[in-house]
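Enquirer: The following block contains a protein sequence and its predicted model.
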Amino acid sequence: MGKVLTSDYPANKMMRFVIPLLAGFLSMAAEAAANDWATATTPAPGPPQSIGFYTAGCLQGAQALPLDGPGYEAIRVSRNRYWGQPVTVDFITALAERIRAAGQAHLYIGDLGQPRGGPAPSGHASHQVGLDADIWFERQPGTRRAPGERENPRLRSLVLPDDSGIDDTVFSQQHVLLLRTAAEMPNLDRMFVNKWIKQRICNTATGNRSWLRKLVPWYGHDSHFHVRLHCPPGNPQCQPQATYSDDDGCGEALESWFRKAPPPPPPPGPPKPYRPKLPPACQAVLNAR
């Protein structure tokens, strides 16, 4: 009988190598899945359908936001994240028209979503079903930027660098009018803004304050605000977000944000992308030809 070969290498030491190796393979698989969505350069055919939740879903029949329009211009267009539901494109173009009519400089429009939605390799956990959009507070009166300058424009924060309050050298009543105009638009579910911005407006807004409830504090969002629209009618697989306070949101709901510990600093190295479990129907959206 031939000699049976065995290893005298301790099993626990072997697992020290196997477990990190397995974790690396799983991480690579998750990254590859995200890149699948990012490398889809065209929308999936069919009628517009948001499938899943804002942070775990996909989009069929996406529509591209024109990169220039009356009252706005898209920035960072190399990301190819200017796709969304038709209602999202309509929201942006209508808001930009209203802001232009108010005599303000044109808006910078950031990310909507990828051509088929889904998780992005970087930058967002949401923006997956075509119903989210980033609108920057920064303005540049006058002529529009050249295409090359749109990739890295100046985008100032409305909040002081030490996070101690509003930067009054940047913040103006134009920002308040912009937020109020957006908050009063149809189809809007909520808008995410920095806690200091919400507090300033809570302390200064007069007249009808019902629109303030649409301003929901969230981490970041000091140099841009994030609009989130309701699931459109006829989208049965779109999952709505939970409701929130029906008052102006200027009481305990806001004050609690000033008691929260700041988020921990990101770990060194490239950030790990957010990889949710998507609805089964999203695989067909990703593979559609």
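Expert: Yes, it's here.
Enquirer: Residue 121 reaches residue 39, doesn't it?
Expert: No: assessed by Cβ atoms under 8 Å, residue 121 is found out of contact with residue 39, at 9.5 Å. For the C-beta atoms, the positions are set from N, CA and C on the backbone; glycine is no exception.
Enquirer: more neighbours, those two?
Expert: Legend: neighbour count by other Cβ atoms under 10 Å for residue 121 and residue 39, higher for residue 121 (17 against 11).
Enquirer: Now do the same for that one: helix, strand or coil?
Expert: Going by DSSP: H, G, I helix; E, B strand; the rest coil, the secondary structure assigned to residue 121 is coil.
Enquirer: Likewise for residue 192?
Expert: Per three-state DSSP, residue 192 ends up strand.
Enquirer: Need the pLDDT of it.
Expert: What the model reports for residue 192 is a pLDDT of 98.
Enquirer: That one: neighbour count?
Expert: 20.
Enquirer: check contacts around it.
Expert: Applying Cβ atoms under 8 Å, 6 or more residues apart in numbering, we find residue 192 in contact with 216, 217, 218, 221, 225, 226, 228.
Enquirer: so the second one makes contact with residue 194?
Expert: What it means is residue 217. Yes: using Cβ under 8 Å, residue 217 is in contact with residue 194, at 7.0 Å.
Enquirer: before we move on, the earlier item: farthest pair in the contacts of residue 192?
Expert: Within the contacts of residue 192, 217 and 228 form the most distant pair, 13.7 Å apart (Cβ to Cβ).
Enquirer: Please enumerate the helices of the stretch 151-289 of the chain.
Expert: 173-183, 195-204, 252-255, 281-287 (DSSP state H, counting those that start in this stretch).
Enquirer: tell me what the first one is packed against?
Expert: To tie it back to what came earlier, the one meant is helix 173-183. helix 86-101, strand 188-193, helix 195-204, strand 224-229 (3 or more Cβ pairs under 8 Å, 6 or more residues apart in numbering; DSSP states H and E).
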